[in-house]
Structure formats: structure tokens, C-alpha cells
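> give the three-dimensional model of this entry:
(2 chains)
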Amino acid sequence: MIESLTMAKAINAGLHAAMSADDKVLLMGEDIGTLGGVFRVTEGLKNAFGENRVLDTPLAESGIVGTAIGLAMRGYRPVCEIQFDGFIFPGFDQITTQLAKMTARHEGLLQMPVVIRVPYGGHIGAIEHHSESPEAYFAHTPGLRLVSPATAQDGFTMIQQAIASNDPVLFFEPKSRYWQKGEVDREATAAPLHASRVIRTGSDATVIGHGAMIATLLQAAEIAAEEGTSLEVIDLRSLSPIDYGPIVESAQKTGRVVVAHEAPGNASIGSELAATITERAFYSLQAPVLRVTGYDVPYPPAKIEAVFLPDADRVLDAVDRVLAY
Amino acid sequence: MAHEDSELLPGETPVRFLDQDGRALDETRYPMPPLSELQAAYRALVVARRINEQCSALVRQGRLAVYPSSHGQEACEVAAALPLAERDWLFPTYRDAVAVIGRGVPPAEAMVLLQGDWHSGYDPREHGVAPQATPLATQLLHAAGFAHAAKLRGEDTVVVAMCGDGATSEGDFHEALNLAAVFGLAVVFLVQNNGFAISVPLSRQTAAASLAHKAIGYGMPGVRVDGNDAAALLAVMHAAVDRARAGGGPTLVEAHTYRIQAHTNADDDTRYRDRAEVQEWVARDPLIRLRSYLRVCDALSAAAEDEITAEAEAVAAELRDALQAEHVPDPEDLFRHVYAERTPRLEEQWAMLADELARDAESEHAESEHAEHEEAR
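Numbering: from 1, shown residues only, chains lettered A, B, ... in the order given. Take a look at the predicted model:
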């Protein structure tokens, strides 16, 4: 059966399915129980599974992640919610120095099936620390897996795959897409969690992104098509590891690549993509790989966030530049 | 809250059964542990001291990379491990190798971290011992989470979480105590207040009347105990462990002790403390104190002492033998357990390293052949 669900509802349905399938899955975070989360992603789950499996914790991100590690040591599969992207940093130490290393430290004896859900990104007109894209900090850390769904269907399937993973997974939820509806087929065969995907085929240039940026890239591709330029759009889906197969294949086909994301460009996911595409498709490239990113400045106040965030025009400007080589 | 606030405050003086010379004091707050347990504690103390001495010697011989000694703090190490049941768990720090061994981890496995062979050398699940934490207070949260899991599973597992006075300044100390108290978890937080965080004295860690006074802020009892009095430590730890096991929630225990040696072999403690102060604490040695008491009680014969010394020597020999063996970690181990399943990127990187190592080996082989050839001429 195919349903039309918002991404928030789709992730909620995925959490419900994972909790039904395995009683060792439990949710923990701030306001996730009675309130159902500030974005309502966990709505109804406390009623369905009880307060022992949907834990409202003290306001302490390091505490949430640190105790999730202890729970995982004793066989649980905790799913932590970090309320907003900008609030993940008190938990940074536990995530990068403890959670990420625990398996290697014990030569595989202690696995860490912990998921950390992070609503991230801008476009919601919020005050500071509520609109950031901190993926690169975590992509730099060995031992972590990072994914980000761009559609309701991926929200439903990928959260379940992330929970089933025996490694820690940071699950970045593009919060500006929470309320967008999309088709969800609960029976659909899922692509692997870490597969990147061509979501629109084209021949002149390749544009690559993840999360909320996918909507912008598809919009840019529509406009370009009207102007006679054919763009291939790739949804990364996974930020660590990155599935380079479809990316390199596309770069070899079009010879021109633009990478876009909301996070600042310096030492970013885009930097990594540009370097690796250049290493692997050098002789096919007709132009340098260009990055369209947030500027290297602190996330701006709501009234000028539109100036900061890459939009379809900025993506198309970069496409024009790669086509001009 | 059902309890009276005043019940959570530590006593005006630390709990103490034995004075510096091992004479019994009039301590009424806790029952004196039975002699049989004090005998076991003495045996463990002697072994602990021998481990500390042996490991410090192994550092000087270059067999261990570093050894943060618990010399002088052995009573805390022993009292952390002895009251625990097999199903219980210990969450130790880098200075707690003795407590780790006290839980049954083979000495050779306990030394893997300090030898530089790997970051941990034992199976935590086999012994109920979490990895020794190198950063401060991070493990206290893992301990709380572990105890939370036990609670959810309906198990009466107790967790002892160890840290030092410096760690009480960390945010994770606060978050762990708060979470444990909020959820009523079976954790005993044992703080070894040895007076120094490397060189920085306790006065720069807290302005509180004592570290145990912090407990009332979390809604759990705080207890101060003489950390060089094994009898007092065992009494306090037993009470805290029993309370936790019965569902009474966490306790903060502050043990007053002293780090007789420098922070590690790489530290020079003459830069920040007086020899006279160190000597004062040497006179409060936990071994001598318990030994005197047991002798007065006629509970420690010369034969028993010989037997204990022999046991300690056997552990020291085991350590020496284990560290004589030259163990070179396999380079592929770098990539083996970063993820449950190796990623394509790590496969590529290992292939590159394997190739590099093969080329190195080839050129070394060629060089040695060349040298042999030259020698033959």
C-alpha cells in the first residue's frame, strides 16, 4: 500500500516499525515522550511502547549519548534525539572520542548500535543554533556512519536500516522537509543504507547534494531543462561512507560536476567530494569540480538566511561556470 | 523526596575504623567488616602494592610505555573490586589497573593499554570491567547507562564507577550523577580524592566543603571515608553497594587518600609538592595500618604473610613474563574493527598500506642480501 506521508510522519512510522520488531530498541532525548518531540517525530510512541522505551532525559546531550553507550554495552539499541543541530556539541566529546572508538578499542568485542537523530539545516527562520549543518565535524571521525534522507520514503526505510546497523549512525534529518509529503511504500525493497542514487538523469553536468538541498537541485534541473541544459542529479543519502560508484560514473559521463550543501565550504563534505571526484575521474573532467555552499561565516540571523543558503540560482550560476570551460 | 536532606550530607569527619598505627577507633556509623574480609583485603593490598612496584620498574626498563601508579591508594583499589558480585560491573580509570586485576582480568591483559599494544586488552563482558578510561569522567556516563540497562532488564546488577578529584570538575561528572539520581540507578560513584590532578591541588577543583557534599545537590547520599583505611572503605562500599542493589539508587563516596608517586613516570612532582607532605602520607600507608590491626587481632600469622608474599611475587613474575614477550600489533588491525563491516574506503587504504609494507619488506630483503654479499667478499 502506498501512503502519502510527511517526512516527520514517515520517520515516526519507521521508528514504530523498528521498535515493534526489536524490544531492545529504545528512544531517548529531550521532550520526546509526552510532547512527542519539538518536531513531533516521536509523537504517539510513548503511548505505544511505554515510558521505559521512550525516555525523556534530563537536558544533557553528553549525558544522553554517554548513557546510550552504556545501554548499548548491555545489549540495547538506543536511538537518541538531539533536539536541534546546534545543540549537538555538548555531546561531541562522547560521540567522537567514545562512541566512535568503542568498537575498535575492543577489537570488535563491544559493538555500538546507537543512532543519533539530528534535525538539521536552515530555511525555518529560527534564532541562532537552530539551523546549522554540522555534518563535516562527524564525517571526519572514523567509526561513525552518517546518513541523511531527502524524501519521506527514505525517512521511513533509512531510519530502520540505521537502527539495524551495528555501528553508530548519525541520522541527519532535514528539518525544513519535515512537513513535505511524499509517497511511502512500507513494503518497498530498500536500497542499501549507504548507496548514493541518481534521482534525475541528465547529460550536460552533474549536480550532487543531500537532505534539503535535493529539492533545490531538482528545481535547478527543471529551470536548466527549460533553458536546454540537461542536469543529472545525485542524492548522496550517505555522507560517511560516501558511495562513489554512481558519482564517478556520472562525472565520467558529463565531465562537469557541481556539489552543493548548506554547510560552510571550508573542509566540508563538498571539499571531500571535489577532491575524490578529481582523483577518480580526472581524465573525464572538462572543468574543475565546483562547490556551492554556505559561506564561511557563522549561521546568519533569520532575516538574511536566504542570502546565506544556496538556492537554485546559485547552483545554476555554478553550472554555467562549469559549462563555460 | 522521601528522605531528609540532612541524611544526604556527609558526616563531619570521614568514616574511619583504624588510626594511622592500626589501632581500632570508636566508629559507630558503620559495622566493622568481619575479620575474614579484612584478611582477604590485606592479601589483595599486598598483591596490589607488588603490582604497582613491578609496573613502575617495568616502565624504567622500557617494557611499559607509562604507568600511572596507585601506590598509596591501594585500599581504594581493593575496596572498589572486593564488594562486587560476579555479575556486577566496574568502570575504572587509567590509574585503576590494580582494581581491574582485582576483578579477575589477567595482569597481562590489563597491561595492554599501558604497553601500547592496543587501547584495551581484555573482554569487558568476561570480567564485568569496562575499558580503563583515559579521558576524565567520560566513563561515568557509560556506567550510568549500563546501570540503566540493568534496571530496564530487571537485573540487580550494581555498577561501581571510579574517578579522581580532578574529574569532579568535568561536565560529565555532573551529568552522570544527575542522570543516575534522576533514574534511581544502581551506581556507586567512588571518587579517589588523592589531592592532586597532576599538579593542580584540590583547592583549584572545588570550593565545596568536600566533594561528598556535592551529592546532596543531586539528591543522593554523599559519604566521606578515610581512603587509606581498608576497613572503613569496605564498610562504606558494602553499604553503598547493598543500597544500590536493593533499589535505593546511587551513592557518592569520597575517599581521602594520597598519590605517593608522581602522576606518571613522565611527571616531576618535586615542582609542586613538598617532600614533607609526601612523607606524612607515607606514614599513613594502608598496608601497614591493616597489617598492624590484623596482627593485634591475631588474624595474620607469619605463615600467612609468607604465603601472601609468595602470591604477590607470583603475580609480579606473571607481569614480567607477559611483558618480556615482544608483541608487534598486526598493521591490518588498524582497519579491522573501525566498523562492524569494513567500508570500501578502508579496504582501499589497507590495500595501499599492505602494498607499501610488501615493498618495504622487499627492499629490506634486498639490502640484507646485498650486505651479506659484501660481507662474503
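> what about residue 82, neighbour count?
The chain I'm using is chain A. By other Cβ atoms under 10 Å in any protein chain shown, the residues close to residue A:82 number 25. Using the backbone N, CA and C atoms, a C-beta is placed for each residue, glycine as well.
> could you do chain B instead?
Neighbour count of residue B:82, defined by other Cβ under 10 Å: 21.
> same check, this time on residue B:232
For residue B:232, the count of nearby residues is 28 (other Cβ under 10 Å).
> please apply the same query to residue A:49.
Neighbour tally, residue A:49, other Cβ under 10 Å: 18.
> that one contacts residue A:21, doesn't it?
No. Taking contacts as Cβ atoms under 8 Å, residue A:49 lies outside contact range of residue A:21: 12.0 Å.
> skip the chain neighbours and tell me the closest residue to residue B:16.
residue B:226 (4.1 Å; Cβ to Cβ, 6 or more residues apart in numbering or on different chains).
> got phi/psi on that neighbour?
When quoted as degrees, to the nearest 10, the phi and psi of residue B:226 stand at phi -70, psi 110.
> that one touches residue B:19, doesn't it?
No. With contact defined as Cβ under 8 Å, residue B:226 does not count as touching residue B:19 (9.3 Å).
> returning to what we had before: any idea how far the residue nearest to residue B:16 is from residue B:109?
32 Å (Cβ to Cβ, to the nearest Å).
> same thing with residue B:328?
For residue B:328, the distance to residue B:109 (Cβ to Cβ) stands at 17 Å.
> just residue A:56 next, same as before
For residue A:56, the distance to residue B:109 (Cβ to Cβ) stands at 40 Å.
> do residue B:102 as well
As judged by Cβ to Cβ, residue B:102 and residue B:109 stand 13 Å apart.
> mind checking which of these two has more residues around it?
Neighbour count, other Cβ under 10 Å: between residue B:102 and residue B:109, residue B:102 has more, with 25 against 18.
> that one - nearest residue in space that isn't next to it in sequence?
residue B:81 (3.5 Å).
> hmm, stretch B:339-358 touching chain A?
Yes. Residues of stretch B:339-358 contacting chain A under Cβ under 8 Å from any Cβ of the partner chain: B:339-341, B:343-345.
> who wins on neighbours among the residues you listed?
Result: residue B:339 is most packed of these (other Cβ under 10 Å), 22 neighbours.
> need the per-residue pLDDT for that residue.
Here, the pLDDT recorded for residue B:339 equals 96.
> please name the residues that touch the spatially closest residue to it that is not a sequence neighbour.
Nearest non-adjacent residue to residue B:339, counting by Cβ to Cβ, 6+ apart: residue A:167, 4.9 Å away. For residue A:167, the contact set (Cβ atoms under 8 Å, 6 or more residues apart in numbering or on different chains) comprises A:103, A:111-113, A:143-145, B:339-341.
> where's the closest residue to chain B within the stretch 151-300 of chain A relative to residue A:108, distance?
Relative to chain B, the nearest point of the stretch 151-300 of chain A is residue A:166 (3.8 Å; Cβ to the nearest Cβ). Distance, residue A:166 to residue A:108, using Cβ to Cβ: 10 Å.
> touching both of those two, which residues are there?
Listed as contacting both residue A:166 and residue A:108 by Cβ under 8 Å, 6+ apart are residue B:340.
> residues contacting residue A:123?
The contact partners of residue A:123, taken as Cβ under 8 Å, 6+ apart, are A:131, A:176, A:212, A:305, A:309.
> what's the answer for residue A:17, then?
A:156, A:160, A:186.
> one more time with 7 Å, if that's ok
residue A:160 (Cβ atoms under 7 Å, 6 or more residues apart in numbering or on different chains).
> close to chain A: what parts of chain B are there?
Contact residues (Cβ under 7 Å from any Cβ of the partner chain) of chain B with chain A: B:118-120, B:123-124, B:131, B:135, B:138, B:141-146, B:148-150, B:152, B:171-172, B:175-176, B:178-179, B:182, B:336-340, B:343-345.
> please indicate which of the residues you listed are buried?
Those of those that meet the buried threshold are B:119-120, B:124, B:131, B:138, B:141-146, B:148-150, B:152, B:172, B:175-176, B:178-179, B:182, B:337-339, B:343, by 16 or more other Cβ atoms under 10 Å in any protein chain shown.
> care to break chain A down by domain?
Following automatic domain parsing, chain A resolves into domains at A:2-185, A:197-324.
> ends of the shortest one, what's the gap?
It stands for domain A:197-324. 27 Å (Cα to Cα, to the nearest Å).
> and for stretch B:14-24?
With Cα to Cα as the measure, stretch B:14-24 spans 15 Å from end to end.
> related to what we said a few turns ago, quick one, which of the domains of chain A is nearest to residue B:298?
domain A:2-185 (45.0 Å; Cβ to Cβ).
> from the chain's centroid, how far away is the closest one?
11 Å (Cα atoms, centre = their mean, to the nearest Å).
> which residues touch the helix or strand bottoming out on mean pLDDT in chain A?
In chain A, no helix or strand scores lower on mean pLDDT, DSSP states H and E than helix A:102-105, which sits at a mean of 92. The contact list for helix A:102-105 (Cβ under 7 Å, 6+ apart) reads A:69, A:110-112, A:143, B:119-120, B:131, B:337-338, B:340.
> looking at these, which is nearest residue A:285?
Of the contacts of helix A:102-105, the one sitting nearest to residue A:285 (Cβ to Cβ) turns out to be residue B:338, at 30.8 Å.
> what packs against the helix ranked longest in chain B?
The single longest helix within chain B, with elements called by DSSP state H, is helix B:344-376. Where contact means 3 or more Cβ pairs under 7 Å, 6 or more residues apart in numbering or on different chains; DSSP states H and E, helix B:344-376 is packed against helix B:333-336.
> tell me the buried residues in the helix it packs on?
residue B:335.
> picking up where we left off before, right, and the domains of chain A - which one's nearest residue B:96?
Residue B:96 sits nearest to domain A:2-185 of all those, at 16.4 Å, using Cβ to Cβ.
> how long is that closest one end to end?
End to end - Cα to Cα - domain A:2-185 spans 5 Å.
> in the host helix or strand of residue A:15, what counts as buried?
Following DSSP states H and E, the helix or strand that holds residue A:15 is helix A:7-21. Buried positions in helix A:7-21, judged by neighbour count with 16+ other Cβ under 10 Å: A:7-19.
> if we can go back for a sec, pick the one among the contacts of helix A:102-105 closest to residue B:355.
Closest approach to residue B:355 among these (Cβ to Cβ): residue B:338, at 19.5 Å.
> residues near the closest residue in space to residue A:145 that isn't next to it in sequence, how many?
Residue nearest to residue A:145 in three dimensions, not counting chain neighbours: residue A:169, with 4.5 Å by Cβ to Cβ, 6+ apart. Residues near residue A:169, counting by other Cβ under 10 Å, number 28.
> wait, doesn't residue A:169 sit right on residue A:115?
Yes. Look at residue A:169 against residue A:115 with Cβ atoms under 7 Å: they come within range, at 5.0 Å.
> need the residues touching each of these two.
residue A:162.
> before we move on, the earlier item: give me the pLDDT for the residue nearest to residue B:16.
On pLDDT, residue B:226 comes in at 98.
> wait, residue B:37 sits on residue B:234?
Yes. At 6.2 Å, residue B:37 counts as touching residue B:234 under the criterion of Cβ under 7 Å.
> neighbour count: those two, which is higher?
When neighbours are counted by other Cβ under 10 Å, residue B:37 and residue B:234 differ, and residue B:234 comes out ahead with 25 against 17.
> which residues does the more buried one contact?
By Cβ under 7 Å, 6+ apart, residue B:234 lies in contact with B:33, B:37, B:41, B:79, B:82-83.
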